[in-house]
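1. just to be clear, the model below is a prediction. Sequence and coordinates:
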Amino acid sequence: MIKYKLICKDCNNIFDSWFSNSKEYEKLKKRKYLNCHFCDSKKIEKTLMAPNVLNSSDFKKNDVNKIKEIKSKLREFKKFIKDNFQYVGDNFAHEARSIHYDLKKKNKAIYGKASRKEIEELKQEGIKTEEFPWIEDKEN
Ligand SMILES: [Zn+2]
């Protein structure tokens, strides 16, 4: 939705009108469907004031903030993992199994990469894993 301030060339009154987009305004104007709210004149022009676009800019700003918030949470989580877990890279499935089946290593916490298939297999063996998106440090 877009809000235009329209001005009547006959009575000089300014009023607000909503359109689904700027094209709709042009279309209605061409067909002379636009009329003054005060004197019913068809001589309506868009004022040069910047149109208000409903939600659009606020929404985007909120979105960006939300994404930033999520990313910073993921970064915190990543830091926690790095500080407390041992990185095993692509060997994750193998390492997870050896921890699971070797009681001596029971308390070792690991993290690494695993395919969906590997995660499924681990799950079937009763090995609990947690998945989360890993964000690269270079990402903003
Ligand atoms: Zn008018």
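-> Yep, that arrived. Numbering: from 1, shown residues only.
2. what residues does the chain put near the ion?
-> Cys8, Asp10, Cys11, Cys36, Phe38, Cys39, Ser41 (CB under 5 Å from the ion). To be clear about C-beta, it is placed using only N, CA and C from the backbone, and glycine gets the same treatment.
3. now the helices for the chain?
-> Listed in chain order, the helices found in the chain under DSSP state H are 22-30, 56-84, 92-101, 116-124.
4. which one of these lies closest to Phe15?
-> Comparing the helices of the chain against Phe15 with CB to CB, the closest turns out to be helix 22-30 (13.5 Å).
5. what does stretch 82-89 rub up against?
-> His94, Glu95, Lys108, Ala109, Ile110, Tyr111, Gly112, Lys113 (CB atoms under 8 Å, 6 or more residues apart in numbering).
6. are any of these buried, and which?
-> With neighbours counted by 16 or more other CB atoms under 10 Å, these contain buried members at Glu95, Ile110, Tyr111, Gly112.
7. related to what we said a few turns ago, worst mean pLDDT among the helices of the chain?
-> Set side by side, these give their lowest mean pLDDT on helix 56-84, at a mean of 78.
8. what about the spatially closest residue to Tyr111 that is not a sequence neighbour, neighbour count?
-> Taking CB to CB, 6 or more residues apart in numbering as the measure, Tyr111 lies nearest to Phe85, with 4.3 Å between them; neighbours along the chain are not counted. Phe85 is flanked by 13 other residues according to other CB atoms under 10 Å.
9. for Phe85, give me the pLDDT.
-> Value listed for Phe85 in the pLDDT field: 86.
10. how much space separates it from the ion?
-> Distance, Phe85 to the ion, by CB to the ion, to the nearest Å: 71 Å.
11. same question, Asn62
-> When distances are taken as CB to the ion, Asn62 and the ion turn out to be 38 Å apart.
12. can I see the domain layout of the protein?
-> Partitioning the chain according to automatic domain parsing yields domains covering residues 2-53, 65-124.
13. tally of neighbours for the closest residue in space to Lys108 that isn't next to it in sequence?
-> Here the nearest residue to Lys108 in space, its sequence neighbours aside, is Ile99; by CB to CB, 6+ apart that works out to 5.6 Å. Ile99 is surrounded by 18 other residues when neighbours are defined as other CB under 10 Å.
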